[in-house]
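1. Here is a sequence with its predicted model. Questions after.
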Amino acid sequence: MINVLILLAVSVVLVPRVDSHRPDWLRRFTPSSRDDSSWLWSWAWASDGTVSIVDRSPPVTFPARPASFGAELIDPLLGYVIPLASFTAPCPYDSHNSTQRRHPFDPDPVFGCPDLCVSDGSEREPTDTWIALVQRGGCPFVEKARQAQKLGAKAVVVGGDRDNPDALLNMFSERDASDVTIAATYIKYWDYVQLSSMIAVSNTTHNGLKTLSLLISTEYSAWEWYSPIITFIIILLLPSLLTFITLLIHRIRAARAAQRDRAPESVVHSLPWRVWTGTGWEKHEPLFVPADMAAASSQDIERGLDTPNASTSHDVQLPAWVEQQMECAICLEMFVKNDRVRVLPCYHLFHIDEIDEWLIHKKKLCPICKADVTQPRRPPTDNRSEENAAQLTASTHARSPSTVAEPNERTPLLQSSGRTSDEPESAS
């Protein structure tokens with residue numbers, strides 16, 4: 001994180017503002033002629049431009065994309081656009097001239113593939129600013145730019161082909177192109193067709209050739225110059241971000257699972273409670289009883305009186321073990337005078353502060369019998385019947401060891417231990 005903050009601070013210092021042109025700090029590291037080793041240029045510094053016919057009112061503008069090789073247009077370039085097919089033809093091949101270069105592709109004036117020679121015998125003046133117009137295909141892009149530069153053009157516009165009419169390609173060369181010193185740009189196929197047809201019907205001529213005034217410009221946006229830095233920061237922070245999202249989802253799921261295991265605070269506070277007076281229990285009704293628990297109020301053993309006065313009587317006959325609870329199973333301390341205890345639906349007693357903390361923040365189960373305190377209160381059962389049931393269960397388990405259940409979170413901590421009636425007594 002410290003490295004990211006340092007990188008952001010350096011970027012703010014180095015890039016104080018963003019213009020429509022490339023910043024000065026970046027231009028110092030960029031040569032005027034880009035070589036082919038920077039074929040990733042169009043990805044790292046994705047820039048777009050325009051090709052405009054300025055001698056029409058209003059001007060006709062086509063979207064364009066500069067090549068990764070050749071000269072970089074800092075300022076717009078204005079010149080006459082001339083198709084190479086209008087004044088060039090394939091050069092005759094001389095087998096006796098060993099210096100003449102032989103290409104693996106055929107020369108074509110429409111595609112601008114070398115070697116091309118001037119067919120009308122006229123030469124362009126070196127001071128003329130004219131722009132070559134060719135179409136994609138036949139040979140690599142860099143060869144088209146070399147041929148246009150050889151003929152004296154200041155720039156070359158490459159039109160698309162019919163197979164990909166709507167594509168705006170990034171022209172680059174896989175080999176060294178440091179010898180290309182003119183600008184090159186790419187336009188779509190239908191824009192190339194419209195530009196060619198407008199040249200064919202143009203009344204403007206240059207050296208006897210129909211032409212139009214063309215303005216080539218390159219536009220750079222703020223995102224184009226900040227995109228490498230932002231991309232680097234995103235790649236740097238992506239693993240940490242994914243880890244954070246994973247941990248966040250895990251924590252949310254764990255919190256929801258823990259919330260399902262805890263009892264609502266309103267339910268806990270609605271449970272009755274008592275005060276040990278030293279000789280008996282003084283019962284108290286809850287101050288708030290939820291509506292969903294009102295239906296079970298008739299079975300609440302603690303709601304036998306309408307006044308909060310001390311009493312040890314009950315409307316419902318309770319087993320003897322309920323009144324004989326003198327110890328809190330949480331803190332393992334005996335109940336003393338003025339201790340407040342909470343009565344759970346299973347009739348187990350605990351210190352009110354301790355059991356409330358357990359039910360609200362830990363588990364909604366009774367620490368002794370694992371009964372759910374959010375379920376309706378069960379009717380009290382006699383201790384003797386429970387002992388008989390426990391003895392019967394113990395006898396069954398003793399006869400069938402394979403049926404013994406594995407303990408879990410709902411297994412009672414205190415289980416009745418006794419011998420069945422059919423077990424023989426040991427000899428005294």
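-> Happy to help now that I have it. Remember, predicted model here, so these are calculated numbers, not experimental data.
2. residues near residue 284, how many?
-> Neighbourhood size, residue 284 [other CB atoms under 10 Å]: 16. Heads up, the C-betas are built off the backbone N, CA and C, glycines and all.
3. Go ahead and confirm it touches residue 273.
-> Yes - contact criterion CB atoms under 8 Å: residue 284 and residue 273 qualify, at 5.4 Å.
4. Quick check: mean pLDDT of stretch 260-273?
-> Here stretch 260-273 scores 86 as its mean pLDDT.
5. swap that for stretch 73-91, sorry
-> For stretch 73-91, mean pLDDT rounds to 92.
6. mind listing what's buried in that stretch?
-> For stretch 73-91, a neighbour-count test (16 or more other CB atoms under 10 Å) marks 73, 77, 79, 80, 81, 82, 83, 84, 85, 86, 87, 88 as buried.
7. Just after the longest helix seen in the chain, pick out the following helix or strand.
-> Across the chain, the helix with the greatest residue count (assigned by DSSP state H) is helix 222-261. Remark: after helix 222-261, the chain's next helix or strand is helix 265-269, criterion DSSP states H and E.
8. elements contacting that next one?
-> Judged by 3 or more CB pairs under 8 Å, 6 or more residues apart in numbering; DSSP states H and E, helix 265-269 is in contact with helix 352-361.
9. separation between the closest residue in space to residue 129 that isn't next to it in sequence and residue 278?
-> Once flanking residues are discounted, residue 129 sits nearest to residue 79: 3.9 Å by CB to CB, 6 or more residues apart in numbering. For residue 79, the distance to residue 278 (CB to CB, to the nearest Å) stands at 110 Å.
10. what's the answer for residue 340, then?
-> The spacing between residue 340 and residue 278, counted by CB to CB, is 14 Å.
11. got it, and residue 130?
-> Taken as CB to CB, the span from residue 130 to residue 278 is 114 Å.
12. more neighbours, these two?
-> Remark: of residue 130 and residue 278, residue 130 carries more neighbours, 22 against 9, as counted by other CB under 10 Å.
13. Show me what the more buried one is bridged to.
-> residue 80 (DSSP bridges).
14. Would you agree it is in contact with residue 77?
-> No - checked against CB under 8 Å, the pair residue 130 and residue 77 is beyond contact range at 10.7 Å.
15. With adjacent residues omitted, what lies nearest to residue 103?
-> Nearest residue to residue 103, sequence neighbours excluded (CB to CB, 6+ apart): residue 114, at 6.1 Å.
16. Apologies, that question was intended for residue 69.
-> Nearest one to residue 69, counting by CB to CB, 6+ apart, is residue 177 at 3.9 Å.
17. Likewise for residue 113?
-> Using CB to CB, 6+ apart, the nearest residue to residue 113 is residue 139, at 3.8 Å.
18. Could I get the contacting residues of that neighbour?
-> Residues in contact with residue 139, defined by CB atoms under 8 Å, 6 or more residues apart in numbering, are 103, 105, 108, 111, 112, 113, 114.
19. tally of neighbours for the third one?
-> Per other CB under 10 Å, the neighbour tally for residue 108 reads 20.
20. Look up how far residue 169 lies from it.
-> For residue 108, the distance to residue 169 - CB to CB - is 19 Å.
21. Would you confirm that residue 205 contacts residue 211?
-> Yes - look at residue 205 against residue 211 with CB under 8 Å: they come within range, at 6.5 Å.
22. If you count surrounding residues, which of these two has more?
-> Higher neighbour count among residue 205 and residue 211: residue 211, with 22 against 10, using other CB under 10 Å.
23. Could you report the pLDDT at that one?
-> Here, the pLDDT recorded for residue 211 equals 94.
24. what's near enough to touch it?
-> Residues counted as contacts of residue 211 (CB under 8 Å, 6+ apart) are 80, 81, 82, 130, 199, 202, 204, 205.
25. List every C-alpha atom in the one helix or strand the third one maps to, with coordinates, as CSV.
-> Element membership for residue 82, per DSSP H and E: strand 77-83. Output in CSV follows, covering the C-alpha atoms of strand 77-83 (Å, rounded to 0.1, in the frame of the first residue of the first chain):
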residue,chain,number,x,y,z
LEU,A,77,-0.3,18.3,-40.8
LEU,A,78,-2.0,20.1,-43.8
GLY,A,79,-1.2,19.0,-47.4
TYR,A,80,-2.6,17.8,-50.7
VAL,A,81,-3.8,14.2,-50.7
ILE,A,82,-2.9,12.3,-53.9
PRO,A,83,-3.6,8.6,-54.6
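26. For the helix or strand following it, enumerate the helices and strands it packs against.
-> Next in sequence after strand 77-83, counting helices and strands by DSSP H and E, comes strand 88-90. Strand 88-90 sits against strand 116-118, with contacts defined as 3+ CB pairs under 8 Å, 6+ apart.
27. What residues sit buried inside the strand it packs on?
-> For strand 116-118, the neighbour count (16+ other CB under 10 Å) marks 116, 117 as buried.
28. What mean pLDDT does it get?
-> On average, the pLDDT along strand 116-118 is 90.
29. Tell me which residues are up against it.
-> 84, 87, 88, 89, 90, 91, 92, 107, 109, 147, 151.
30. I'd like the residues you listed as a markdown table, with distance to residue 377 appended.
-> Listed next are these as a markdown table, based on distance: CB to CB, whole Å:
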| residue | distance to residue 377 |
| --- | --- |
| 84 | 98 |
| 87 | 104 |
| 88 | 102 |
| 89 | 105 |
| 90 | 103 |
| 91 | 106 |
| 92 | 110 |
| 107 | 100 |
| 109 | 99 |
| 147 | 97 |
| 151 | 101 |
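31. and of these, the nearest to residue 195?
-> residue 84 (13.6 Å; CB to CB).
32. if I pick the closest one, what's in contact with it?
-> 109, 110, 112, 116, 132, 133, 134, 147, 148, 151.
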